[in-house]
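Chemist: following is a predicted model, sequence given first.
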Amino acid sequence: MRNIRRLRLELNALQNRYGRTNVVFPSGYDWVKLVEFPLKPGQYNLPSCTVLIIIPERYDMASIRECYVDRDLRLRATFGESQALPHVHSGFGYDRDGYRWLCFEEPQGKNTGLIGFIDTLRAYFTDPHGYVKANED
Amino acid sequence: MNSTEKLKISFSESQYDRAIGWTDWELEDVSYCLGFGYRNNAGSTVIIRDVLKPMASELSRSRYAVEPFPEFFCRLYDKVQATGAEFLLQSHTHPFCDKPTFSSIDDESALRLNRDLKKINPKAKVVQVVYGKDNGHFEARVFNGANEETDFEYLEDIEVMGPKRMLHFGQHQKNNQKETADIEIPLSEDRNARAFGNIGVEVLHNIKVLILGTGGLGSAMAYLLSRLGFRMITVYDQERIDETNINRFYFVSKPRAAIGKFKAGFVAKAMRVFNRFGKYRAINASIYNEHTASEAIKNTDLIITALDSDGPRLVACSLATRYGKPLVNVSNAIYLDENKKIKGAFSSCQWFIPREEKYPCLRCQGGLDDKAIEQELMSQRLKEMRRKAGYIVGTNESPNAQVIPINSTAAGIAAWEIALWASGIRAPTPWIHYDMMKNNYQVLQGVGNTECTICGNSPASCLATGDADMELDDVSIENKE
């Protein structure tokens, strides 16, 4: 049983932030898809990506912990080959739908909801390796 | 709601005091409440979430009429819109009569409110209550009519859930109160009646209690409450009794025969054997089966959580807040040092009374382990993925130390508090924490967070929302968009 009242408010805020058509979700609120999620210019091989967030069955008692990004998204290297993002895994979840699992969560003990999760995700995308290093246990 | 159902309004005690705390009885007065609805076996309930009272500058009053100004209605309808309320309840007084009835002015007022309310939420309904002199009697009704026609359905009961116990007001409550001498108490409960009084014991007979978790602690609670005279107990657990439970499980007289039986079914049967007057039921299900759990909670007056982990406790807490049901969390723990010797042993009894500031939810009180909740509420699929990717190593499923005296102590403290509350002797202590190593008995008071999405009154909270926003469509990722 999800807290739909909270989700509705958060989705409304996200639509105001990213545009109504860029925030997609089904009527059951099982997942939220952010289309054209903006990325730091020049840092990635794509100008924006799609982020798929799975809403846990018992949101907001349970915090969001499952998220997927575009299969083709890679960090652009200054020289040589582009790099995979840290904590991104293939062969899980929605691979066939074109996504890779990003094993990502808010720092332990925090449960700031969908908005907080996306804000933390933005921090990760700004500097993925730096973010992982700063939040290592 | 249909015309054959029994209708009820459910307030918390502080809400009720606020809604009917009239400034004086010389002039007519009015207050407004916003609420949601739910259905259970007994009928339909309007559960109150917010109380709004016009300030003195926002209304005109006389002995025979009261009318808020438009600015108050703007404030009221803003709130209706923000909360998505399904019911708008108008309470007012007729200070000039003892047994009040609705007047034609009240009919007009209901029509007007209904017309305005429908513009905001077409499904919302107007409820009216009129109180006679000194709130002694009331009449209550739901407006079922279309735009210009009046069609009312009358309500039978007002329920007040609060620290001073649960109260039910019929329309003529003063005349309905039984005299002590009218109540028959069986000889087996004679000593209880000497402690709690005949009326107190009769209340214990009629309060519907739900015990979630029927292990060592839950069976102890069932044992004590059935002997205190509670006759309407439902025990809820999905597990079966195994050999490791036997030395802590109350009611077991033949251990071999008990092993393999459902815990809840076993306890309910044992209570029925002890007290033939009792209506003891068992539900063999998981608290995570939220449909079954919410139906059980809707049909109860008091929830007791005697669970051994915080995930299900939080789920119970969330359902209690939706339906405005008081919850008592009974728990205990033994902590071992690195040499596996006992370093701490605790028993605890916490009360959560939704909509009552002094009794915030378990999450606000701070008695829950967030890390454990995360693990317990994580989907099995994600756990598997994390294990496969190497984020989870090994298992954390080693059982904790448990001994029967700690269960008995926690159950004893809780049963005493519950009996005092139910019989109306005193309000419950919000949180009792007993350190059994230091023999230190502490009374704690948690502070509620107004932004809490469980017990706070923020727009994101599910407080007193009843059955609203419970339906979920089954949409899978494969058929997205």
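Modeler: Perfect, I can see it now. Numbers count the residues shown, from 1 in each chain, chains lettered A, B, ... in the order given.
Chemist: nearest residue to B:Asp134 in space, please, no chain neighbours.
Modeler: B:Trp25 (6.7 Å; C-beta to C-beta, 6 or more residues apart in numbering or on different chains). For glycine as for every other residue, the C-beta is placed from the backbone atoms N, C-alpha and C.
Chemist: next, count neighbours for that neighbour.
Modeler: 14 (other C-beta atoms under 10 Å in any protein chain shown).
Chemist: what distance do you get for A:Phe92 to B:Pro428?
Modeler: A:Phe92 sits 48 Å away from B:Pro428, going by C-beta to C-beta, to the nearest Å.
Chemist: so who does the residue nearest to B:Asp134 touch?
Modeler: Counting by C-beta atoms under 8 Å, 6 or more residues apart in numbering or on different chains, B:Trp25 makes contact with B:93, B:95, B:133-134.
Chemist: then A:Leu46?
Modeler: A:Leu46 neighbours (C-beta under 8 Å, 6+ apart): A:39, A:70, A:72-73.
Chemist: now do the SS call for it.
Modeler: coil (DSSP: H, G, I helix; E, B strand; the rest coil).
Chemist: surely B:Met271 touches B:Arg281?
Modeler: No: the pair B:Met271 and B:Arg281 does not pass the contact test of C-beta atoms under 8 Å, sitting 9.6 Å apart.
Chemist: who has more neighbours out of these two?
Modeler: B:Met271 (25 against 19).
Chemist: care to break chain B down by domain?
Modeler: With domains defined by automatic domain parsing, chain B comprises B:7-173, B:186-444.
Chemist: in JSON lines, list the ones you listed along with mean pLDDT.
Modeler: JSON lines is the format used below for the domains of chain B (pLDDT from 0 to 100):
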{"stretch": "domain B:7-173", "mean pLDDT": "89"}
{"stretch": "domain B:186-444", "mean pLDDT": "92"}
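Chemist: of all those domains, which one is nearest B:Ser458?
Modeler: Nearest to B:Ser458 among these is domain B:7-173; the distance by C-beta to C-beta comes to 10.0 Å.
Chemist: quick one: low-confidence parts of chain A?
Modeler: Where chain A drops to pLDDT under 70, the residues are A:78-80, A:107-111, A:137.
Chemist: what residues does it put near chain B?
Modeler: Residues of chain A lying close to chain B (C-beta under 8 Å from any C-beta of the partner chain) are A:1-6, A:9-10, A:24, A:26-31, A:33, A:52, A:54, A:56-58, A:60-63, A:65-66, A:89, A:92-94, A:97, A:101, A:103, A:108-109, A:111, A:113.
Chemist: can we see that at 6 Å?
Modeler: Residues of chain A lying close to chain B by C-beta under 6 Å from any C-beta of the partner chain are A:1, A:3-6, A:9, A:26-28, A:30, A:58, A:60-62, A:66, A:89, A:92, A:109.
Chemist: which among those end up buried?
Modeler: When the residues of chain A next to chain B are checked for burial by 16 or more other C-beta atoms under 10 Å in any protein chain shown, the buried set is A:1, A:3-6, A:9, A:26, A:30, A:58, A:60-62, A:66, A:89, A:92.
Chemist: so which of those residues would you say is closest to B:Cys33?
Modeler: Closest approach to B:Cys33 among these (C-beta to C-beta): A:Arg5, at 18.6 Å.
Chemist: which stretches in chain B count as helices?
Modeler: Ranges of helices in chain B, per DSSP state H, are B:13-19, B:70-83, B:104-120, B:173-176, B:190-206, B:216-228, B:255-258, B:263-274, B:290-298, B:310-323, B:362-365, B:370-377, B:380-388, B:404-422.
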